[in-house]
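**Student:** Output the structure for:
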Amino acid sequence: MATIEEILTNVKNNMTYFINSDDTFDVVIDKIIQKLGENGVTIKNKGYEIIDFKENFSKVAFKIKIQTTEENIEENIIILMQNNDFISSVVKNYKKAVILYLINSLELRVDKFAQPVPADEGITRNQTAFLRDKMEDEEVESLVRTELKKYGVSSINDLTKKQASAILDIIQPRSKKKSSRY
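**Tutor:** Okay, here's the model as predicted:
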(Lines give C-alpha, C1' and ligand atoms only; values in the text may rest on other atoms or scores of the structure.)
Protein backbone atom coordinates (compact mmCIF):
# COMPACT_ATOMS: atom_id res chain seq x y z
CA MET A 1 0.00 0.00 0.00
CA ALA A 2 1.12 3.56 -0.72
CA THR A 3 2.23 5.94 2.02
CA ILE A 4 -0.05 8.71 3.23
CA GLU A 5 2.13 11.25 1.44
CA GLU A 6 1.86 9.31 -1.83
CA ILE A 7 -1.92 9.02 -1.47
CA LEU A 8 -2.24 12.76 -0.77
CA THR A 9 -0.10 13.51 -3.83
CA ASN A 10 -2.20 11.17 -5.96
CA VAL A 11 -5.47 12.80 -4.76
CA LYS A 12 -3.99 16.25 -5.41
CA ASN A 13 -2.92 15.30 -8.94
CA ASN A 14 -6.27 13.73 -9.80
CA MET A 15 -8.68 16.26 -8.28
CA THR A 16 -9.83 17.43 -11.70
CA TYR A 17 -11.34 13.98 -12.30
CA PHE A 18 -13.66 13.98 -9.28
CA ILE A 19 -14.29 17.68 -8.64
CA ASN A 20 -16.69 19.71 -10.76
CA SER A 21 -16.11 23.36 -11.63
CA ASP A 22 -19.33 24.38 -9.85
CA ASP A 23 -18.51 22.53 -6.59
CA THR A 24 -18.35 24.73 -3.52
CA PHE A 25 -15.37 24.49 -1.22
CA ASP A 26 -17.35 22.46 1.34
CA VAL A 27 -18.33 19.97 -1.37
CA VAL A 28 -14.69 19.76 -2.51
CA ILE A 29 -13.53 19.00 1.04
CA ASP A 30 -16.20 16.29 1.39
CA LYS A 31 -15.15 14.73 -1.93
CA ILE A 32 -11.48 14.81 -0.91
CA ILE A 33 -12.24 13.11 2.41
CA GLN A 34 -14.33 10.52 0.56
CA LYS A 35 -11.50 9.91 -1.96
CA LEU A 36 -8.97 9.56 0.87
CA GLY A 37 -11.29 7.05 2.53
CA GLU A 38 -11.53 5.07 -0.70
CA ASN A 39 -7.74 4.89 -0.66
CA GLY A 40 -7.62 3.63 2.93
CA VAL A 41 -6.81 6.94 4.64
CA THR A 42 -8.82 7.94 7.69
CA ILE A 43 -8.67 11.19 9.64
CA LYS A 44 -9.60 10.96 13.32
CA ASN A 45 -9.97 13.35 16.21
CA LYS A 46 -7.30 12.85 18.87
CA GLY A 47 -8.45 15.64 21.17
CA TYR A 48 -7.16 19.11 21.79
CA GLU A 49 -4.77 20.92 24.08
CA ILE A 50 -4.99 24.51 25.26
CA ILE A 51 -1.53 25.91 24.57
CA ASP A 52 -2.04 29.48 25.74
CA PHE A 53 -5.00 30.84 27.71
CA LYS A 54 -5.60 34.58 27.53
CA GLU A 55 -8.42 36.78 28.79
CA ASN A 56 -10.59 36.63 25.62
CA PHE A 57 -8.88 34.07 23.40
CA SER A 58 -7.08 30.77 23.76
CA LYS A 59 -4.54 29.18 21.47
CA VAL A 60 -5.69 25.59 20.99
CA ALA A 61 -3.85 22.73 19.29
CA PHE A 62 -6.31 20.32 17.67
CA LYS A 63 -4.75 16.89 17.31
CA ILE A 64 -5.74 14.86 14.29
CA LYS A 65 -4.55 11.39 13.37
CA ILE A 66 -4.16 10.53 9.70
CA GLN A 67 -3.77 6.80 9.23
CA THR A 68 -3.73 3.87 6.88
CA THR A 69 -3.41 0.23 7.86
CA GLU A 70 0.38 0.60 7.70
CA GLU A 71 1.13 4.20 8.70
CA ASN A 72 0.05 6.78 11.30
CA ILE A 73 0.72 10.51 11.27
CA GLU A 74 -0.38 12.90 14.00
CA GLU A 75 -0.76 16.59 13.22
CA ASN A 76 -1.40 19.53 15.51
CA ILE A 77 -3.40 22.33 13.93
CA ILE A 78 -3.35 25.51 16.01
CA ILE A 79 -6.47 27.68 16.05
CA LEU A 80 -7.23 30.78 18.10
CA MET A 81 -10.62 30.45 19.79
CA GLN A 82 -12.77 32.87 21.73
CA ASN A 83 -13.19 31.86 25.36
CA ASN A 84 -16.92 32.56 25.46
CA ASP A 85 -18.81 29.56 24.02
CA PHE A 86 -15.54 27.61 24.09
CA ILE A 87 -17.09 24.16 24.48
CA SER A 88 -19.70 24.68 21.73
CA SER A 89 -16.96 25.92 19.38
CA VAL A 90 -14.70 22.90 19.83
CA VAL A 91 -16.60 20.69 17.35
CA LYS A 92 -16.74 23.42 14.68
CA ASN A 93 -13.06 24.13 15.13
CA TYR A 94 -12.14 20.44 14.92
CA LYS A 95 -13.72 20.38 11.45
CA LYS A 96 -11.84 23.59 10.67
CA ALA A 97 -8.60 21.89 11.78
CA VAL A 98 -9.19 19.01 9.34
CA ILE A 99 -9.95 21.49 6.56
CA LEU A 100 -6.78 23.46 7.34
CA TYR A 101 -4.76 20.25 7.26
CA LEU A 102 -6.17 19.38 3.83
CA ILE A 103 -5.63 22.93 2.53
CA ASN A 104 -1.98 22.78 3.57
CA SER A 105 -1.36 19.18 2.46
CA LEU A 106 -3.04 19.53 -0.93
CA GLU A 107 -2.17 23.22 -1.43
CA LEU A 108 -5.83 24.08 -2.04
CA ARG A 109 -6.93 27.60 -2.89
CA VAL A 110 -10.40 28.43 -1.60
CA ASP A 111 -10.93 31.14 -4.21
CA LYS A 112 -10.70 28.57 -7.03
CA PHE A 113 -14.00 26.95 -6.09
CA ALA A 114 -17.61 28.10 -6.51
CA GLN A 115 -19.11 30.14 -3.73
CA PRO A 116 -22.15 28.62 -2.03
CA VAL A 117 -25.51 30.22 -2.67
CA PRO A 118 -26.61 31.74 0.64
CA ALA A 119 -29.52 29.84 2.17
CA ASP A 120 -31.80 32.87 1.89
CA GLU A 121 -31.22 32.99 -1.89
CA GLY A 122 -31.84 29.30 -2.66
CA ILE A 123 -35.29 27.94 -3.44
CA THR A 124 -37.21 27.11 -0.27
CA ARG A 125 -38.58 23.69 0.61
CA ASN A 126 -42.12 25.06 0.40
CA GLN A 127 -41.51 26.49 -3.06
CA THR A 128 -40.01 23.19 -4.21
CA ALA A 129 -42.91 21.16 -2.84
CA PHE A 130 -45.50 23.52 -4.33
CA LEU A 131 -43.82 23.49 -7.75
CA ARG A 132 -43.55 19.70 -7.75
CA ASP A 133 -47.23 19.42 -6.81
CA LYS A 134 -48.30 21.82 -9.56
CA MET A 135 -46.06 20.12 -12.13
CA GLU A 136 -48.33 17.06 -12.04
CA ASP A 137 -50.44 19.03 -14.54
CA GLU A 138 -48.80 18.63 -17.98
CA GLU A 139 -49.47 22.24 -19.02
CA VAL A 140 -47.86 23.57 -15.84
CA GLU A 141 -44.92 21.17 -16.21
CA SER A 142 -44.32 22.40 -19.75
CA LEU A 143 -44.47 26.01 -18.57
CA VAL A 144 -42.01 25.32 -15.73
CA ARG A 145 -39.59 23.52 -18.08
CA THR A 146 -39.67 26.53 -20.40
CA GLU A 147 -38.93 28.87 -17.48
CA LEU A 148 -36.08 26.63 -16.29
CA LYS A 149 -34.47 26.95 -19.73
CA LYS A 150 -34.83 30.75 -19.55
CA TYR A 151 -32.94 30.75 -16.26
CA GLY A 152 -30.32 28.33 -17.58
CA VAL A 153 -30.95 25.63 -14.98
CA SER A 154 -31.90 22.00 -15.41
CA SER A 155 -34.04 21.40 -12.34
CA ILE A 156 -36.23 23.34 -9.92
CA ASN A 157 -33.69 22.63 -7.16
CA ASP A 158 -31.20 24.87 -8.99
CA LEU A 159 -33.51 27.90 -8.91
CA THR A 160 -33.00 30.84 -6.58
CA LYS A 161 -35.80 31.93 -4.29
CA LYS A 162 -36.47 34.94 -6.54
CA GLN A 163 -36.63 32.82 -9.72
CA ALA A 164 -38.97 30.31 -8.06
CA SER A 165 -41.22 33.19 -6.95
CA ALA A 166 -41.37 34.51 -10.52
CA ILE A 167 -42.40 31.07 -11.81
CA LEU A 168 -44.98 30.71 -9.05
CA ASP A 169 -46.42 34.11 -10.00
CA ILE A 170 -46.93 32.79 -13.54
CA ILE A 171 -48.43 29.47 -12.40
CA GLN A 172 -50.75 30.61 -9.63
CA PRO A 173 -53.11 32.78 -11.68
CA ARG A 174 -53.65 29.81 -14.01
CA SER A 175 -54.44 27.43 -11.17
CA LYS A 176 -56.72 29.73 -9.16
CA LYS A 177 -60.43 29.48 -9.76
CA LYS A 178 -61.98 32.63 -11.02
CA SER A 179 -64.36 34.07 -8.52
CA SER A 180 -66.40 37.18 -8.65
CA ARG A 181 -67.10 39.47 -5.79
CA TYR A 182 -70.75 39.94 -6.69
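
**Student:** Only C-alpha atoms from now on, for both contacts and neighbour counts.
**Tutor:** Noted.

**Student:** Point out where this protein drops to low pLDDT.
**Tutor:** Along the chain, the model assigns pLDDT under 70 to residues 114-120, 173-182.

**Student:** Quick one: the helices in it, in order.
**Tutor:** For the chain, the helices defined by DSSP state H occupy 4-13, 15-18, 25-38, 86-106, 125-134, 138-151, 161-175.

**Student:** Now the longest one: buried residues?
**Tutor:** It refers to helix 86-106. Within helix 86-106, the residues scored as buried using 16 or more other CA atoms under 10 Å are Val90, Asn93, Tyr94, Ala97, Val98, Ile99, Leu100, Tyr101, Leu102, Leu106.

**Student:** need these in TSV with distance to Ile77, can you?
**Tutor:** As requested, the buried residues of helix 86-106 are exported to TSV (distance: CA to CA, whole Å):
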residue	distance to Ile77
Val90	13
Asn93	10
Tyr94	9
Ala97	6
Val98	8
Ile99	10
Leu100	7
Tyr101	7
Leu102	11
Leu106	15
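
**Student:** what about the residue nearest the centre of the chain, distance to Gln67?
**Tutor:** Centroid check for the chain by CA atoms, centre = their mean gives Asp26 as the closest residue, at 3.6 Å. Here the criterion is CA to CA, to the nearest Å. By it, Asp26 lies 22 Å from Gln67.

**Student:** From the buried residues of helix 86-106, pick the one nearest Leu159.
**Tutor:** Relative to Leu159, the closest of the buried residues of helix 86-106 is Ile99; by CA to CA it sits at 28.9 Å.

**Student:** Could you check how far the closest one is from Val144?
**Tutor:** Distance, Ile99 to Val144, by CA to CA: 39 Å.

**Student:** still on that earlier bit, from the buried residues of helix 86-106, pick the one nearest Gly122.
**Tutor:** When the buried residues of helix 86-106 are ranked by distance to Gly122 (CA to CA), Ile99 comes first, at 25.0 Å.

**Student:** what about the closest residue in space to that closest one that isn't next to it in sequence, neighbour count?
**Tutor:** Taking CA to CA, 6 or more residues apart in numbering as the measure, Ile99 lies nearest to Ile29, with 7.0 Å between them; neighbours along the chain are not counted. As a burial measure, Ile29 scores 18 neighbours (other CA atoms under 10 Å).

**Student:** Am I right that Ile29 is in contact with Val98?
**Tutor:** No - checked against CA atoms under 8 Å, the pair Ile29 and Val98 is beyond contact range at 9.4 Å.
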